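Peer 1: sequence plus the predicted model coming up.
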Amino acid sequence: MSFKTQKILLCALCEKIISVEEEGFPEDLHALLSKYCIPQLYWLCKSCEKQNAFKSSFRKESNLEDEIKLLKAKVESLEIEMTEIKKLVALKARDYNSSFLSSSGFSGESSLDMGFPNADGNSCISFRNYRNVDCHRSTSEGCQGDSSCSSSASSYFQTVGSSSSLVSEDDQRLDFSVIPVNQAVDNHSPLTATRSCIEIPDSCNISLGSDETSPKKKKEAHALIHQISNTKIKIDDKESTKSSNIVDAFLKCITRFLKKKDVIFNNLYSRDYRTGSSYNDLRISAASEYDVDIVFKAPSEIKLEVEFFRETMAYAKIKWQKVGDILDSKIDILRFFEKNSLDRYLQPLKISAWFQGLIDSFMLSSPEISGIKQLKNGQSGPARTIEIVTDEDYILHIDLVPVFVFSYESLKTTKIKEILEKYSVAESKRFWFLVPKQCQGEGQLLASDCKLSWRVDFPEVEKKVLHNKQSAKHVIRLLKLLRDKGRWNIASYYIKTLILWRVDITPAADYWQGIVLFERYLEVNIFFIFLRYKNISIITNSVQLRL
């Protein structure tokens, strides 16, 4: 449906133009869509709606009304957020150097207040950062943290380091001043239901005094942030090895059990893929949480095709088709795909439910695994979380996620190809996954499309982006540490994605040497505005995801 200045509707099938009044379309919704120049909405006139049989959701008036209500709510939410952004821009425009986001650096005067929600909804942390900062020098200049690279933010770390605001000498714990405030509630965001603020006192605000830009001050700031990194982020190698062995034993046991019990699992199972912070050197504490993808691959008789949405490349649909005769031994596979699909599009919720049922059956079998005293299971999004109590009373958590694997071949005609070429990996690592995690309205997708959407995942590309970038991983760990202490309800994935974007802007390895950790940490803070407004793009997509 195309929206013009006139109040008209355009049928997606017969292209007949009908007035809003004639069709009974909500005028306030039409006004909102026109105001924000939203170009398309799949709409059918009454005559086409009666004749059209391929979209069952449009044959039910109640479903159409639900779609309209959902769209209206999203547009109204967009209007509120746009108002907030305009206010922020108006207040901060004089402090920004407009070249920052279009180049590898920023300079000039900046004073950005960042508020991030915490878990209990009573407070969040607000930063006032960057006055006359020039940390983003070109790679050729080699900004390595010497006197030529000045940042008044160093005074912040020095100030809070010498007092009790950040690192206290007696207990070495992170501390923050807390000021509760009341702000709007966003029940649609998994990030948090409440937006509130912890504010660092004005005494810690950053300015351009000569003392603060002196080599001594910068040296102290460097030492402090390295001290935090070295003393607060500790991983016991022996405990990690023990935990890893327990995870290995568990995976061998459950895989063997499911292969014997379920013919579908036995035919689809390809391997397990270890991912997450424990396997990517991004942990900030004991290695007690593990993410494992259970990788599925369709048999040769069934072909899986990926269909990306025009509105976003962050999600896609999986359509299957039979390409050969199905043997009697594999007829159950065909029935499985028929049962768990809509118009031959695999339904992520049904696949997740099937997988969760398999895990439940394993748990009910009361398995005996060496080194494990007790097993419990729970649900977390598309993952099935297994809690393991070891014989030494150590608790581990394993998130098991079902995924379908695809080769790079399916991406040849997409924009994602550019990223894959930029971060080339070995032939054996040229694969990617679709995860049964549905969209939440990204790219203006209809609810009926979201029900069939799978989230894209490029773990090997993400590894490649961070490869040989010493400071990048350190910054991720520092931000996660700050998040945990401040109790911000922000998933690690979003913090990692911010760093991926920053590395992509300046990918040179020498730019991310360990000695410039402080400068890289300061630079990344500016990107937290995306988290504040709960919108962020994945590295392989230019359309924002909803946190």
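Peer 2: That came through, no problem.
Peer 1: if I read this right, M363 contacts G378, doesn't it?
Peer 2: No: with contact defined as CB atoms under 8 Å, M363 does not count as touching G378 (10.6 Å). C-betas here are computed from N, CA, C, even on glycine.
Peer 1: between the two, which one's more packed in?
Peer 2: M363 (15 against 11; other CB atoms under 10 Å).
Peer 1: ok, that one - contacts?
Peer 2: 375-377 (CB atoms under 8 Å, 6 or more residues apart in numbering).
Peer 1: 7 Å instead, please
Peer 2: 375, 377 (CB atoms under 7 Å, 6 or more residues apart in numbering).
Peer 1: end-to-end on stretch 256-270?
Peer 2: By CA to CA, to the nearest Å, the extent of stretch 256-270 from end to end equals 13 Å.
Peer 1: repeat for stretch 437-457
Peer 2: OK, stretch 437-457 end separation, CA to CA: 11 Å.
Peer 1: let me see the ranges of the helices in the stretch 401-547 of the chain.
Peer 2: 416-422, 447-450, 459-466, 470-486, 492-505, 517-525, 529-532 (DSSP state H, counting those that start in this stretch).
Peer 1: mind listing what's buried along the longest strand seen in the chain?
Peer 2: Across the chain, the longest stretch assigned as strand under DSSP state E is strand 395-407. Buried residues in strand 395-407, counted by 16 or more other CB atoms under 10 Å: 396-406.
Peer 1: picking up where we left off before, for F336, find the nearest of the helices of the stretch 401-547 of the chain.
Peer 2: For F336, the closest of those is helix 447-450, at 22.9 Å, according to CB to CB.
Peer 1: low-confidence ranges in the stretch 101-250 of the chain?
Peer 2: The model of the stretch 101-250 of the chain has pLDDT under 70 over residues 101-214.
Peer 1: let me fix that: the chain
Peer 2: Scanning the chain for pLDDT under 70 picks out 1-6, 12-15, 23, 30, 32-44, 47, 49-66, 87-214, 441-443, 526-547.
Peer 1: out of the helices of the stretch 401-547 of the chain, deepest packed?
Peer 2: The highest average neighbour count among the helices of the stretch 401-547 of the chain, using mean count of other CB atoms under 10 Å, belongs to helix 517-525 at a mean of 24.
Peer 1: between that one and helix 492-505, how big is the angle?
Peer 2: 110 degrees (axes from the mean of the first three to the mean of the last three CA atoms, to 10 degrees).
Peer 1: how about the helices of the stretch 401-547 of the chain in TSV, adding distance to I351?
Peer 2: Shown next, in TSV, are those (distance: least, CB to CB, whole Å):
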stretch	distance to I351
helix 416-422	23
helix 447-450	15
helix 459-466	19
helix 470-486	30
helix 492-505	21
helix 517-525	36
helix 529-532	30
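Peer 1: strand partners (parallel or antiparallel) of the longest strand of the chain?
Peer 2: strand 289-296 (parallel), strand 383-390 (antiparallel), strand 431-435 (antiparallel) (DSSP bridges).
Peer 1: which one of those strands lies closest to I490?
Peer 2: It's strand 289-296; of the strands paired with strand 395-407, that one is closest to I490 (CB to CB) at 15.9 Å.
Peer 1: which residues does the closest one contact?
Peer 2: 247, 251, 268-276, 278, 396-405, 433.
Peer 1: what's downstream of it, the next helix or strand?
Peer 2: Later in the chain than strand 289-296, the nearest helix or strand by DSSP states H and E is strand 302-308.
Peer 1: flag every buried residue along the helix or strand just after that following strand.
Peer 2: The helix or strand immediately downstream of strand 302-308 is strand 315-322, counting by DSSP H and E. Within strand 315-322, the residues scored as buried using 16+ other CB under 10 Å are 315-320.
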